[in-house]
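S.K.: show me how the following folds:
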Amino acid sequence: MAEKEKKAKKTVTKMKAAPKSTEGNQYEAMFLFPPPGVTDVDGMIKIATGIIERHGGKIQIIKKWDERKLAYEVKRQKRGLYIVAFFKAPGAAVGAIERDVNLSEDVLRVLVTQADHMTEKSMNAVEPQPIQPREERAPWDRPDFNRPMGRPSDRDRGDRGGDRGGDRPPRREEGAAPAAPVEAGAGMDKD
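M.R.: Below you'll find the model as predicted:
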């Protein structure tokens with residue numbers, strides 16, 4: 001019995017001694033910085049690299065992606081410079097990276113996504129897509145927000161004339177005599 005216990009302890013110690021994979025998962029991070037007029041691009045790349053490496057991440061590729069007008073103001077900025085970084089890190093590092101960016105005054109935002117599907121060749125090929133100008137629509141294709149929604153009025157009904165549709169009787173004309181009142185029990189057969 002003692003031999004079995006010793007063998008069990010050896011297997012447990014062997015399992016503990018096995019090296020763990022410290023590389024972690026592969027991620028893509030898109031950092032949004034204020035326009036480069038405030039700071040230089042190399043400084044922005046150093047900031048992003050520092051944030052990732054501080055939490056155990058290993059940079060694979062990091063580069064300037066593009067400078068664009070933002071859809072809405074972020075921390076009073078109308079334009080921003082995007083830096084894209086591909087890195088390997090443990091899963092717990094993602095939350096810490098996002099927290100550091102939220103506390104940093106140098107970085108506006110960050111978006112971190114898992115990128116296990118990407119190869120080094122596809123990471124190098126990442127380039128911004130050109131901004132397509134908006135297609136203008138003809139005035140008759142635009143919705144008319146001044147017209148009330150819901151049931152169309154009588155003038156919008158086309159060739160149906162005054163037909164109100166449904167089970168409603170026609171409107172009573174002004175000055176016409178009211179209909180005779182119906183007596184209780186009228187029209188019923190009497191036995």
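
S.K.: relative to residue 105, how far out is residue 47?
M.R.: 11 Å (Cβ to Cβ, to the nearest Å). (Glycine included, C-beta is placed from N, CA and C.)

S.K.: longest strand anywhere in this structure?
M.R.: strand 58-74 (DSSP state E).

S.K.: where along this protein do the strands fall?
M.R.: 25-33, 58-74, 77-89, 109-114.

S.K.: which strands and helices sit next to the longest one?
M.R.: Put plainly, it is strand 58-74. With contacts taken as 3 or more Cβ pairs under 8 Å, 6 or more residues apart in numbering; DSSP states H and E, strand 58-74 sits against strand 25-33, helix 41-54, strand 77-89, helix 120-124.

S.K.: direction included, what does that strand pair against?
M.R.: strand 77-89 (antiparallel) (DSSP bridges).

S.K.: buried residues in the strand it pairs with?
M.R.: 80-89 (16 or more other Cβ atoms under 10 Å).

S.K.: now, among those residues, which is nearest to residue 60?
M.R.: When the buried residues of strand 77-89 are ranked by distance to residue 60 (Cβ to Cβ), residue 86 comes first, at 4.6 Å.

S.K.: from residue 139, how far off is that closest one?
M.R.: Counting by Cβ to Cβ, the gap from residue 86 to residue 139 is 47 Å.

S.K.: one more: residue 53?
M.R.: Distance from residue 53 to residue 139, by Cβ to Cβ: 55 Å.

S.K.: who has more neighbours, the two?
M.R.: It is residue 53, of residue 53 and residue 139, that has more neighbours when counted by other Cβ atoms under 10 Å, with 14 against 7.

S.K.: and stretch 135-146, average pLDDT?
M.R.: Stretch 135-146 carries an average pLDDT of 73.

S.K.: and it, end to end?
M.R.: 23 Å (Cα to Cα, to the nearest Å).

S.K.: am I right that residue 63 is in contact with residue 84?
M.R.: Yes - between residue 63 and residue 84 there is a contact at 6.2 Å, judged by Cβ atoms under 8 Å.

S.K.: sketch out the low-pLDDT regions of this protein for me.
M.R.: 1-23, 37-39, 144, 147-170, 175-191 (pLDDT under 70).
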